[in-house]
Every structure is written in structure tokens, then in C-alpha cells.
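Q: My questions concern the predicted model and sequence given below.
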Amino acid sequence: MSEQKIAISGVVLAGGRGRRMNGKNKALLQVDGHYLFEHAVRNLATVTHDIIISSSRDRSVFEQRGFTVVDDGEFADRGPLAGIHAALTRCNGDYLAIAACDQLDLPDTVYATLCNEAAGTPGVYAVTDHAEVPTCAVISCALKNTLQQSLRDGALRLTRFMQENCRPLKFRDVAFHNINTEAALQRVQER
């Protein structure tokens, strides 16, 4: 684990319904002999070993591997913000690192950089020249009430929440790949 300035927990967002995967749990699909969620765990493990899985499906798979699992509770079916809120209620650090369950391996420096840049701020999230990546972020646990109010107000877009509450952090020469469709999974498996 790299040096950092903040106490941090991590969450893997694995609560989706898999609509673009014909109902399959994306977190449990495999790439390079590992479940997709394990790639996200490896990314977060560069900055913390306190990793929570946000999921209401296949809980036993995650629990058997020693992870704390949270579901969306009162905000069920409200998307990734609900999963982040659930993790914030169990967060042991001052900050929470966020990773999507279908996020492939990233350079070890990505989350370390996010952590260092987040220190003393509400948080940061990754951006590139071509996209915003709100599921690759580090946010202050102090945002829990703000996030909860967004959920209650029906403001459910993760990108918008990040834009309004956190600072974008530009990464050059980093490919943020997510597996969103069966075709994308097949392309990655064939490489």
C-alpha cells in the first residue's frame, strides 16, 4: 500500500441489475481467471484493506471471501449513489475510495493519487480527455448527509453529484475500462 495523507475505506459498487448483461451479475463474470469485482478490489487494495462490497445479489460469494457486504437499505434500486451511501454508513475512515465492480486493473498510482489529492477536500474523481469517471473517486465521509439528501430528493445521477460536490482530477495516459455489455466482456476475454 502506498503512502497517503488520509484514513480511508473502499467500496466496490456491485449492486447493479445487469440489464445490459441479460441479467447476469457483472461482478461475478470473469476476466483473466478472476471475477470482475476482484479487479476492482485489487485497485482499491493499493490504498486500503478495509473494503466493503455494495450488493444485494449473491452476498454469500462476497462474504465467503471475507468482505463486509452492504445493500442499499431504504434507497434500494436508486443506483450507485445508494451503494455509496450504504458504504458511507459503514466507513471506518475519513474518506471512501469508490470503484465500479466492472473496473479493470488500473496502475497502482491512480488511487494513491486520488487519495493524496482528496486530503482536506470534499473529494476528487477521475477524468480523462474524453470522459468523466465518477466511479473512480475518493470522497469525504462528511458528504454522507449531502448524498442522503440527494437520494431523498430523487437526484440520482452519480456524475452530477460528483460535479456538484467534488473536484475533477485529470489523468493522462490511463485507460479506464469498464465492462458494460456482453460484447465488451467478450472483447476483453479474447485479448
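A: Right, received. Where do you want to start?
Q: make it CA atoms for all contacts and neighbour counts henceforth
A: Fine.
Q: Export only the CA atoms of stretch 27-46, formatted as CSV.
A: Provided in CSV are the C-alpha atoms of stretch 27-46 (Å, rounded to 0.1, in the frame of the first residue of the first chain):
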residue,chain,number,x,y,z
ALA,A,27,-19.4,-8.6,-10.5
LEU,A,28,-19.2,-12.4,-10.9
LEU,A,29,-18.2,-12.5,-14.6
GLN,A,30,-14.6,-13.5,-15.2
VAL,A,31,-11.7,-11.8,-17.0
ASP,A,32,-8.2,-13.4,-16.9
GLY,A,33,-9.4,-16.1,-14.5
HIS,A,34,-10.7,-13.6,-11.8
TYR,A,35,-14.2,-12.3,-11.0
LEU,A,36,-14.6,-8.7,-12.3
PHE,A,37,-15.1,-7.5,-8.7
GLU,A,38,-11.7,-8.9,-7.8
HIS,A,39,-10.0,-6.5,-10.3
ALA,A,40,-11.8,-3.6,-8.5
VAL,A,41,-10.7,-4.9,-5.2
ARG,A,42,-7.0,-5.0,-6.4
ASN,A,43,-7.3,-1.4,-7.5
LEU,A,44,-8.6,-0.4,-4.0
ALA,A,45,-6.1,-2.5,-2.2
THR,A,46,-3.4,-0.2,-3.3
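Q: Sketch out the low-pLDDT regions of this structure for me.
A: For the chain, the stretches flagged by pLDDT under 70 are 1-5, 16-23, 181, 191.
Q: Give the partner strands of the longest strand along the chain in its sheet and their orientations.
A: The longest strand of the chain (DSSP state E) is strand 132-140. Take DSSP bridges as the rule and strand 132-140 pairs in its sheet with strand 95-100 (antiparallel), strand 123-127 (antiparallel).
Q: of those strands, which approaches residue 116 most closely?
A: Among those, the nearest to residue 116 by Cα to Cα is strand 123-127 (9.7 Å).
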